[in-house]
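1. Have a look; sequence and predicted model below, questions after that.
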Number of protein chains: 2
Amino acid sequence: MSKKNKKQNKSHKHSRGAGGKPARSVRIPKSVYFFSPGRSDGSAKLRPLLGGKGANLAEMCRVGLPVPPGFTITTGVCAYFYEHRRTYPAALRSQVADSLRRVEELMGKRLGDPDNPLLVSVRSGARDSMPGMMDTILNLGLNDVTVEGLAKRSGNARFAWDSYRRFVQMYGDVVMGVQKRSESEPDPFEAVMDQIKQERGAQQDTDLGAADLKELVRRFKKLIAQRTRTEFPSDPVAQLWGAIGAVFSSWNNERAIVYRRKYNIPHEWGTAVNVQAMVFGNMGDDCATGVAFTRDPATGEKVFYGEYLINAQGEDVVAGIRTPQKIAELKNQMPESHAQLEQIRAQLEAHFKDMQDFEFTVENKRLYMLQTRNGKRTGMAAARIASEMVDEKLIDWKTAVKRVPADSLSQLLAPIFDRTAQRKAFDEGRFLAKGLPAGPGAACGKVYFNAGDVESKARAGEKVLLVRIETSPEDIRGMLASEGILTARGGVSSHAALVARQMGKVCVCAAEGLQIDYAAKQLSVKGQVVREGEFLSIDGTSGEVYAGAIATASSEIVQVLLNKTLAEDQSRTYRIFKRVMGWCDKLRKLKIRTNADQPDQAANAVAFGAEGIGLCRTEHMFFGGDRIDAVREMILAKCKKEREAAVAKLLPYQREDFIGIFKAMKGHPVTIRTLDPPLHEFLPQEDKLQQELAQKMGKTFEDVRGRVTELHEANPMLGHRGCRLGIVFPEITEMQVRAIFEAAAAVIRQGQKAKPEIMIPLVGFEKELTLQLEIVHRVAKEIQQREKIKIPYMVGTMIEVPRGALVADRIAAHAEFFSFGTNDLTQTALGMSRDDSGSFLPAYQEQEIVKANPFATVDQAGVGELMRIAVRLGRKTRADIKLGICGEHGGDPESVKFCHRLGLSYVSCSPFRVSIAKLAAAQAALEG
Amino acid sequence: MSKKNKKQNKSHKHSRGAGGKPARSVRIPKSVYFFSPGRSDGSAKLRPLLGGKGANLAEMCRVGLPVPPGFTITTGVCAYFYEHRRTYPAALRSQVADSLRRVEELMGKRLGDPDNPLLVSVRSGARDSMPGMMDTILNLGLNDVTVEGLAKRSGNARFAWDSYRRFVQMYGDVVMGVQKRSESEPDPFEAVMDQIKQERGAQQDTDLGAADLKELVRRFKKLIAQRTRTEFPSDPVAQLWGAIGAVFSSWNNERAIVYRRKYNIPHEWGTAVNVQAMVFGNMGDDCATGVAFTRDPATGEKVFYGEYLINAQGEDVVAGIRTPQKIAELKNQMPESHAQLEQIRAQLEAHFKDMQDFEFTVENKRLYMLQTRNGKRTGMAAARIASEMVDEKLIDWKTAVKRVPADSLSQLLAPIFDRTAQRKAFDEGRFLAKGLPAGPGAACGKVYFNAGDVESKARAGEKVLLVRIETSPEDIRGMLASEGILTARGGVSSHAALVARQMGKVCVCAAEGLQIDYAAKQLSVKGQVVREGEFLSIDGTSGEVYAGAIATASSEIVQVLLNKTLAEDQSRTYRIFKRVMGWCDKLRKLKIRTNADQPDQAANAVAFGAEGIGLCRTEHMFFGGDRIDAVREMILAKCKKEREAAVAKLLPYQREDFIGIFKAMKGHPVTIRTLDPPLHEFLPQEDKLQQELAQKMGKTFEDVRGRVTELHEANPMLGHRGCRLGIVFPEITEMQVRAIFEAAAAVIRQGQKAKPEIMIPLVGFEKELTLQLEIVHRVAKEIQQREKIKIPYMVGTMIEVPRGALVADRIAAHAEFFSFGTNDLTQTALGMSRDDSGSFLPAYQEQEIVKANPFATVDQAGVGELMRIAVRLGRKTRADIKLGICGEHGGDPESVKFCHRLGLSYVSCSPFRVSIAKLAAAQAALEG
């Protein structure tokens, strides 16, 4: 809820207290809010106080929709309840009694009236929906006397007794706590029912008649008395207070607590309790109950969408025992109700200005609305509905931008499995395992267990999946060549996941129970074996893994933008996407760049609207073609001279790489990071490969093995990497810088633009930067003079260790830009290794030590504070310093919004997250 | 130099400019300072401007000591020289000429006078002494004409020509750059000399007569002309300017730059140039030259200490060709000079209030003082001299405290080799290697290569050394049992070094060229092999390693305080130590605690004056006795129940440990850290040991190996450790807390005191702390109620990841104290692994990226800034929060001073560094 609402709510409470009551009782807050059509104390604005359900019931009443009357006990009472050993404020009883009297008057029935008893439901209702987590009591008000009155009035004794036995069962369970006492025991009420069905020779519940149900009620009560040593309450008012207490108590049942943890719902919010007159969809064939959406929640199409059952209670629709009918059918069966619903559908959207998900009941041809709320929808539907509501003038385009969850755009972009094919695979028992959905989309291909095989098979035209225990930079070419990546280990931020997202590759990580045997070239899950060359299908949106092939297709947007296999006017999805992106471009303050290391990646990112490269990792280029040999020669060199010779071989390769990237970026700035990873990542770890390498390089096996041992580090994350490499081996930096400027010169000479921004990684000390920049400026000067060309360039640094942030004022004296490397900054600021956090981070999320995975969303209090310090100090020295972020967080909507608030110039993310970042940036601008 | 001096210097310059010159030339700074006995422009206070040598020459003149007249060209001119392409300020020439004229007048000689030539020396002199790093020219003023005048005047042609050839050689080398052109080439002047000696059949230089020397001068000049294509300058004024330029230039020669880097001398200080009339100790047997100290610099004893040579030049004394005589001999040979020197010795100390190291020359019975400076001394001498000077009322006791370098106390505490025995070992070729001096002192013993062997042999009464490639926590018991530790790998902050310092063990790390073969049970260095059971001797003060045994003894202080084998009145060293410590205790604001994990360590620390334990690492206790089995059982447990059973076995052990520590600490607070290191450190890594373990635990080898693999981490430093263990396995924390409180209750019941302070490690998030403290407070309450005893305890946290510092305000809501874990805070703030920094940190120090090793001395700009933030935020929430440091930096004087300035309550260091920390804390208090 927004701050504004909170304030209104508060002032509302006060004005009530001051205006509606004598001066002496000013301090007694209003605890109960009455609602009935056209007369309603509350409204949708009071959601924090009344809960989502209560607020919307009140709102529907305000609009005049046919809602059964009732009242809401506020979340304030819930807070009081927990603060005062589960007791209520003094004024509550009289407020409840007053409201109940009004309900009775409106319904013309009385709670406990032997002739015409009022029945009520008692339901929970928190600020945010927590479906099924808390308790509900229906048919409250029945006892041995009123049941007869209900039977008489409805003319349906079986209905009355069935309602009664349902009530006793529900009340016994929820309020009186009669539940099964162990996992193996059957539900005690079901056991009694089964017994009676056996005695009566009944197959179904419906085979039991009124007399049987009467006996059942007797036995249920006996069970309750035995178990609780308490009689079942026959006084409807006692029943009511029991139910209210049970609903408040259910706020703190275990599953509700777990749910709130998972969805970040504060424990202090509490629930409201809604007491409402019962209406029945199960009193005969002129009764019905249903659930409907004002538009299709899957596609967003503007059609009336929903389902219903004739002569049924609400729970039957979702229980799946009877198959519900499509809402269109209602037109034939109950034309009047259908017409009324169509009208209400329009009214709801006109009023709530959003797609609604609502429940209704028809009791003896009379329609009642029981609930409405904003409907959940897919990313596809969110975008379409928002776009079309603008056309319909229901909302303005800025509201439309707010309506599409930024992350949900990935659904529009990901290739997916054909649903039928996937269900078929499941039915055939081909489901193998579930892992972390690390790269959205679907992929299938033949399984290979090393990058080399994947590459050669892919070159031969096969569709292949790379399956590894975990991946490393050596696997990059294999990952590139694959349809998707499956690993047995590593989290959503593991190397595999990181690279996969950047590449837009489908990826499932840490698939449960997956055993990979490299020697035998096979994987197995619970005894099921998949061998090299056999088909496997993975769904990176759900994390599911299937044996065999399942058909896929790439998203329409990718088909239009990248593949060019679809024309713009052939795809509604693309047109909606383009429109939303257009709105975003008008709103956002942040520039969006991309992390890309290859010309084709860069070109894709530009197609998606990237406005520059924020991170080009030069080392990814080291694995292409024969260059890895030169890289290894460089690492194995025994002296500076040998190293310089090897480095010289790399120069032409790197120059070509940069030429390609500059051209692909068409004059957009390209931030190039000098060599960053520890050198051991470039050497093979296995004996056999080391032997081969030794032979190739004319070295002994001991030479190679010795160097690998020498390069081994206890904590490579904190080891000899980043600018530390360039400082110990300045010839490497010099070669890279030379390649960059020679490439820029070549591109500019061809009449195109090139804007290199050279970025020094892992800087913590001012002098690290000045030493590396001496090389940059010297080489830049030399090449510009030699080529007689002016190359516009910038120099800057990554801020990715805390010290860099803390001395940012000194660093800014030399750096024209900072780029926050929030991956490493998170690891160092938290002292937490991304690769090792799997053993404790789940417990940390479970126990709410961290709200979100800090490697997915920027930890604002810790890492964010370092960013704030660096921004402040950096600007102190250099007011116009350019500031960006190039960690993986650059594609995370929450983090993008944080960057907007920090006032950064740009965020950089993987090509396939550019549109997500744009949307988040636009939303951040709207949030102000 | 202190700020005060700087200011005085500046105002002095101004007053000179304003007062001594007409108004128009106010802006011309005084560039030349004249000195002669009783008449001196400068003084000791002008050290920054005149350099150490120039300032002290001036000061000696002020006191009226017999100094040959001369003048000093200021360091300001040096700065000008480098800022203006090696040219001089306009006014310099006339100021030099004026001063030279005054020297000529006083000496009654003239530069270049054919009959009575003045000769001068031209020497460098920086603010801090840089012995031998810069250039010197002697005998300047000689040419083919003046040499004859000198010969006539001195009546010694050979002396004159020898002086001339020395001048030409020196000038040719230093000023004209005639030097050998490759390593293999002999010195070109020496080659010419050898040639002439061969021609003349001379054995020694002294066999050459005046004529030979004349020929030598001719050939030297020819050599110079050939090499430089320039004639040797015969004009003495030209010679003088050449020499001045050469001395200024030598400030930036390579060895001077390297020296300054090593000793942290700023490059911008520059050198002064001292031009002084030459006097000669080599003009006959009534001449002499010598070096002396006002007290013994090794022992501090108040005796006249020094050496001299009759008929020699100053350089001969240190060159070691002739063996100098002890200064006492001079009394017999030159009683007048000796008496004069004795008087000057007293005068110097009375004036400079410190032990002086001075040079003198006797020319024809006349004594000249050439230099004086504060003498370098051993730690032993520093303490004794300071103490005795207080008795002599030369200095007050606060000055005495400043006079003892805090670090030098370690020399008083370390056992040492007998010097004669060590020299003998060297002469016998038993010197093997040099490593890092990681734990000061000397040790010898039989060599064993694993901890178990060391332990069993030590138990059998052998003196043993533990020799490992590197050590790990598994080796701790072996390290404890050993006399000393030698490793082939790891820096001064490696596990071996850290533990050795804490234990006060002798340790040499990373011995160069040391090959260790565990399988063959031997080590080898350059072909020399030492097998298991053979003797080895290591000197942890120098880092030297010798084959065979060298006799050692423990320091007198340890003998008095710990061994009790020496009475207090038997040891002067102890009495001095005690006196200095007493002064420190009066001055210091910081409390000094110790890092100790065992009762005997704790007792030692108390004997050294520790005021509490700042860090008790509970895991170190895990290796004692059979407890490692229970620890491993705990780690291998497959479920919580199994784990709880194993943990329960550890409880009695831990309780006993804590009882011992509480008793040893006699009511001083004991900060106990809950389990910190990653669990894999407790499991064996080798197959064979894993197999044994499996058998012992009734598990399969695969179980054990699987768990080891599971626990393997990419970056264990950032992995599952610290409070992360206690959060995932709360039963471990609970057991440890229970042991602490049960131990405290037991001790208190026995009428003693126990003050536990429970410290949660690696806290970055507020909730990490609250979750762990829930356990602490619950168990504390339970045990206090059960035992009916009030246990005074505190709870707090380590601040050792940046996030902890950044959210210190939130953490302080729950923590009553912070202890800065600066080891890990340095690693995380800098993103620099201590264990891996060896591959780049030397280059970082070389290139002055870091001033000091950040793992030895707190990095004040980075780590220090996080500490400042944490102190500020912590106090914001809890004004009286207790603040300390327990990283290794707690024993480093610079870091202790930083902690004083931060306003911490205490520092904690290893027992053997308690007195060093006390001294540093006292000095910090004096510095204000």
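-> Received the coordinates, thanks.
2. Let's verify the residue of the stretch 501-650 of chain A found nearest chain B: helix, strand, or coil?
-> The nearest approach of the stretch 501-650 of chain A to chain B comes at A:Gln515, 12.2 Å away (C-beta to the nearest C-beta). C-beta: built from backbone N, CA, C; applies to glycine. With DSSP: H, G, I helix; E, B strand; the rest coil as the basis, A:Gln515 sits in strand.
3. how much space between it and A:Gly527?
-> Separation of A:Gln515 from A:Gly527 (C-beta to C-beta, to the nearest Å) stands at 10 Å.
4. about what we covered before: mind listing what the residue of the stretch 501-650 of chain A closest to chain B touches?
-> Contacts for A:Gln515 (C-beta atoms under 8 Å, 6 or more residues apart in numbering or on different chains) come out as A:Ala488, A:Leu523, A:Ser524, A:Val525.
5. Could you identify the least confident member of those?
-> Minimum pLDDT for those is recorded at A:Ala488 (89).
6. List phi and psi for that residue.
-> For A:Ala488, the backbone dihedrals (degrees, to the nearest 10) come out as phi -90, psi -20.
7. Identify the spatial nearest neighbour of it, chain neighbours not counted.
-> A:Leu514 (4.4 Å; C-beta to C-beta, 6 or more residues apart in numbering or on different chains).
8. tell me what the helix or strand hosting A:Leu480 is packed against?
-> Element membership of A:Leu480 [criterion: DSSP states H and E] is helix A:476-481. On a contact count with 3 or more C-beta pairs under 8 Å, 6 or more residues apart in numbering or on different chains; DSSP states H and E, helix A:476-481 meets helix A:451-459, strand A:464-468, helix A:495-503.
9. And the following helix or strand past the last one, what does it pack against?
-> Meaning helix A:495-503. Next along the chain after helix A:495-503, taking DSSP H and E as the criterion, comes strand A:506-509. Strand A:506-509 sits against strand A:436-439, strand A:484-487, helix A:495-503, strand A:535-539, with contacts defined as 3+ C-beta pairs under 8 Å, 6+ apart.
10. that older thread, which one (most neighbours) among the contacts of A:Gln515?
-> Among the contacts of A:Gln515, A:Leu523 has the most neighbours (other C-beta atoms under 10 Å in any protein chain shown), with 27 neighbours.
11. ok, that one to A:Gly821 distance?
-> A:Leu523 is 34 Å from A:Gly821, by C-beta to C-beta.
12. re earlier: most tightly surrounded among the helices and strands packed on helix A:476-481?
-> Each of the helices and strands packed on helix A:476-481 was scored by mean neighbour count; the highest is strand A:464-468, a mean of 27, by mean count of other C-beta atoms under 10 Å in any protein chain shown.
13. Could you point out the longest helix of chain A?
-> As assigned by DSSP state H, the longest helix anywhere in chain A is helix A:640-665.
14. Can I get stretch A:783-801 in CSV, CA atoms only?
-> Coordinates of the C-alpha atoms in stretch A:783-801 are reproduced here as CSV (Å, rounded to 0.1, in the frame of the first residue of the first chain):
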residue,chain,number,x,y,z
ILE,A,783,48.1,5.3,-31.8
GLN,A,784,46.2,8.5,-32.4
GLN,A,785,49.4,10.2,-33.4
ARG,A,786,50.5,7.3,-35.6
GLU,A,787,47.1,6.9,-37.3
LYS,A,788,46.5,10.7,-37.3
ILE,A,789,43.0,10.0,-36.1
LYS,A,790,41.2,11.5,-33.1
ILE,A,791,39.6,8.7,-31.1
PRO,A,792,37.1,9.8,-28.5
TYR,A,793,37.6,7.6,-25.4
MET,A,794,36.9,7.6,-21.7
VAL,A,795,38.7,5.8,-18.9
GLY,A,796,37.0,4.5,-15.7
THR,A,797,36.9,1.8,-13.2
MET,A,798,34.7,-0.9,-11.8
ILE,A,799,33.7,-0.3,-8.2
GLU,A,800,33.5,-3.9,-7.0
VAL,A,801,35.4,-4.1,-3.8
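15. how about that stretch, does it reach chain B?
-> Yes. Residues of stretch A:783-801 contacting chain B under C-beta under 8 Å from any C-beta of the partner chain: A:Glu800, A:Val801.
16. list the buried ones in that stretch?
-> A:783-784, A:787, A:789, A:791, A:793, A:795-801 (16 or more other C-beta atoms under 10 Å in any protein chain shown).
17. ok, of those, which one's closest to chain B?
-> Nearest to chain B among these, with distances taken as C-beta to the nearest C-beta, is A:Val801, at 3.4 Å.
18. What distance separates the opening and closing residues of stretch A:370-380?
-> The straight-line separation of the ends of stretch A:370-380 (C-alpha to C-alpha, to the nearest Å) is 28 Å.
19. cool, and stretch A:139-156?
-> One end of stretch A:139-156 sits 15 Å from the other (C-alpha to C-alpha).
20. Tell me the secondary structure at A:Asp835.
-> Here A:Asp835 is recorded as coil under three-state DSSP.
21. Could you report the pLDDT at it?
-> 88.
22. Excluding chain neighbours, what is closest to it?
-> B:Ala714 (4.2 Å).
23. mind listing what that neighbour touches?
-> Per C-beta under 8 Å, 6+ apart, neighbours of B:Ala714: A:Pro716, A:Met717, A:Ser833, A:Asp835, A:Asp836.
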